[in-house]
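Undergrad: quick one, what's the 3D model for this:
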Amino acid sequence: MREHFGSRFGFIMAAAGAAVGLGNIWGFPTQAASNGGGAFLVAYLMLVLVLAFPMLVMEVAIGRYGQANPVDSVRKLGRSRGQKAMASLVGYAGMLVPSLVLSFYAIVAGWLLAFLAAAVTRMLGWEAATGWLQGFGLSRNIVWTLVFYLLTILVVQAGVRKGIERWSARLMPALFVLFLVLFAYILTQNGAMEGLRHYLVPDFSKVLEPGLLISAMGQAFFSLTIGGCSMLMYGSYLSKQESIPGTAFQVTLIDTGVAFLAGLVILPAMFVAMNNGVTIFAEDGSLLSSDTLVFTVLPALFDTMGPVGLVMALVFFVLMGIAALTSSISMLEVPVSYTTERFKASRPLVTWLLGGGLALFSVVICLNFGALFGFVIRLSTQNLQPLVGLGFCLLGGWLWGRAKLFEELVQGSPELASSLFWRIWPWYVRLVCPLLVLLVIGASW
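TA: I've put the predicted structure just below:
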């Protein structure tokens, strides 16, 4: 019998955890700082509603209808053998996305865990260990990448309710609490209010700039992991009694809320760091790279805070680690679910085998970092993921059929039949969303 989430809260926390990751806490504030602060925030919020949310509803609906792994779920949308084969290709491409993303994501998450451990060793006065943990050496990168895989595997092998739902329901509330603690402390520092104004007071003349809109559209798309199969996968574990548009909207709100909170923390922290003499912007006025922001600028800021800075560093990297883990468990769940269902294999065995295989691939990336790291990122997030998202949109909007789509959505939402949402949404995801995704693809290739 197929496992399901035990509650709506469990699904929302797990799906929000899949969406909330380093893209929200690392990518969004960096994009905002690079694109006019408040102007980027306005454009991002608008595009989450007009692009990401409608496509999220479709992806969750396909998953719940299929009640299976991504390949078998999209295959059920086709009527003829040819249609089923075409849908399967989209499903297989979709399964490849989270596996490739996890292979580089685990390396970055390993860096975060190393800095988290460094915050502890610094408190204990272990300078040699602290130097190794912050040194970006090959041995450190491999060790902490494997530690992160171990944490991910331990959660996924326990299953949907006992593993994914249980830990998501604990980690996501902890994420919010830690964010609020950091925000409250940063606001007491000199320079924070200037950063807050930069973030919250938009220059409306910049909101409609083409470059800013494309950046905001891409961030909105990737923030909710559209085309990453995680949402389709979690949708297949969703009860038929739950409202798909309602739960998808709640997931969208939480994901957007975390990105907004990240901006509230990171942008004021940047201006506090500038006030303390830390270099944030290059000579030409552009923002230093995002890895510098997280791994150089913020630790430098914490260093200027004295003993309190050690605690703030610990809190910050715990927060980053939680965000990374809630996303990674959804990525590993995609190939695990496919393999366990297709081959009727033991979940723990499959989880260890697939997790171990991906861990070895990540080690290969570490050993060939210059050649492979950027290539895998571009292949998965810029090339494959938007194409898969477009595929889900077209399969659900055109191949599935309006009647069957309505039948699936109205389960758990009987009021949908007479709603404005149902009159607009099916045509919107058929026509408008594909055009917006094509703009994202055109900008990223």
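Undergrad: right, and residue 73 touches residue 67 too?
TA: Yes: with contact defined as Cβ atoms under 8 Å, residue 73 counts as touching residue 67 (7.3 Å). Just so you know, the C-beta spots here come from the backbone N, C-alpha and C atoms, and that holds for glycine as well.
Undergrad: those two: which has the busier surroundings?
TA: residue 73 (26 against 16; other Cβ atoms under 10 Å).
Undergrad: after the helix or strand containing that one comes which helix or strand?
TA: Per DSSP states H and E: residue 73 is located in helix 70-75. Downstream of helix 70-75, the first helix or strand assigned by DSSP H and E is helix 81-124.
Undergrad: mind checking how far the following helix or strand past that next one is from the chain centre?
TA: Going down the chain from helix 81-124, the next helix or strand is helix 127-133, by DSSP H and E. Taking the mean of its C-alpha atoms, helix 127-133 sits 30 Å from the chain's own mean (Cα atoms, centre = their mean, to the nearest Å).
Undergrad: what's in contact with the helix or strand that comes right after helix 127-133?
TA: Beyond helix 127-133 in the direction of the C-terminus, DSSP H and E gives the next helix or strand as helix 138-156. Under the contact criterion Cβ atoms under 8 Å, 6 or more residues apart in numbering, helix 138-156 has outside partners 102, 106-107, 109-111, 113-114, 117, 132-133, 163-164, 167, 324-325, 328-329, 332-333, 336, 351-352, 355-356, 358-359, 362-363, 366-367, 369.
Undergrad: quick one: common contacting residues for residue 73 and residue 67?
TA: Joint contacts of residue 73 and residue 67 (Cβ under 8 Å, 6+ apart) are residue 236.
Undergrad: quick revisit: and the helix holding residue 73, what does it pack against?
TA: On a contact count with 3 or more Cβ pairs under 8 Å, 6 or more residues apart in numbering; DSSP states H and E, helix 70-75 meets helix 53-66, helix 81-124, helix 230-235, helix 307-343.
Undergrad: which one of those lies nearest to residue 295?
TA: In terms of Cβ to Cβ, the element of these nearest to residue 295 is helix 81-124, at 6.6 Å.
Undergrad: against which helices or strands is that closest one packed?
TA: helix 22, helix 70-75, helix 127-133, helix 138-156, helix 307-343, helix 347-367, helix 369-377, helix 385-394.
Undergrad: kindly calculate the angle that that helix makes with helix 138-156.
TA: 120 degrees (axes from the mean of the first three to the mean of the last three Cα atoms, to 10 degrees).
Undergrad: what angle sits between helix 81-124 and helix 369-377?
TA: Using the same axes, to 10 degrees: helix 81-124 against helix 369-377 is 130 degrees.
Undergrad: mean confidence score for helix 81-124?
TA: The average pLDDT within helix 81-124 is 92.
Undergrad: who's in contact with the helix or strand hosting residue 403?
TA: Residue 403 is part of helix 402-410 when elements are defined by DSSP H and E. Contacting residues not belonging to helix 402-410 are listed as 57, 61, 64-65, 244-245, 396, 416-417, 422, 426 [Cβ under 8 Å, 6+ apart].
Undergrad: just the buried residues of that helix, please?
TA: 405, 408-409 (16 or more other Cβ atoms under 10 Å).
Undergrad: pLDDT at residue 302, what is it?
TA: 78.
Undergrad: got the buried residues for the host helix or strand of it?
TA: Element membership for residue 302 (DSSP H and E) is helix 298-303. Under the neighbour-count criterion of 16+ other Cβ under 10 Å, helix 298-303 has 298-302 buried.
Undergrad: save those residues as TSV, and put in distance to residue 7 too.
TA: Converted to TSV, those look like this (distance: Cβ to Cβ, whole Å):
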residue	distance to residue 7
298	36
299	39
300	43
301	39
302	38
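Undergrad: and of those residues, the nearest to residue 218?
TA: residue 298 (23.8 Å).
Undergrad: thought that closest one was touching residue 276?
TA: No: counting by Cβ under 8 Å, residue 276 is not a contact partner of residue 298; they are 11.6 Å apart.
Undergrad: before we move on, the earlier item: looking at the helices and strands packed on helix 70-75, which is nearest to residue 377?
TA: helix 81-124 (5.5 Å).
Undergrad: quick one: contacts for residue 413?
TA: Residue 413 neighbours (Cβ under 8 Å, 6+ apart): 243-246.
Undergrad: which of these count as buried?
TA: Applying 16+ other Cβ under 10 Å to the contacts of residue 413 flags 243-245 as buried.
Undergrad: thinking again about what came up before, now, the most widely separated pair of the contacts of helix 402-410?
TA: 396 and 417 (18.9 Å).
Undergrad: more crowded one of these two?
TA: Neighbours per residue (other Cβ under 10 Å) separate residue 396 from residue 417, with residue 396 holding more: 26 against 10.
Undergrad: and the residue lying closest to that one once chain neighbours are set aside, what pLDDT?
TA: Spatial nearest neighbour of residue 396, chain neighbours left out: residue 58 (4.4 Å); criterion: Cβ to Cβ, 6 or more residues apart in numbering. In this model, residue 58 is scored at 94, pLDDT.
Undergrad: also residue 349?
TA: So, for residue 349, pLDDT stands at 96.
Undergrad: for it, grab the count of nearby residues.
TA: Neighbour tally, residue 349, other Cβ under 10 Å: 12.
Undergrad: do the same with residue 201
TA: 11.
Undergrad: likewise for residue 105?
TA: So residue 105, with other Cβ under 10 Å, has 26 neighbours.
Undergrad: and what of residue 240?
TA: 12.
Undergrad: roughly how far does the closest residue to it other than its chain neighbours sit from residue 245?
TA: What sits nearest to residue 240 in space, not counting adjacent residues and going by Cβ to Cβ, 6+ apart, is residue 411, at 4.9 Å. Applying Cβ to Cβ, to the nearest Å, the value for residue 411 to residue 245 is 12 Å.
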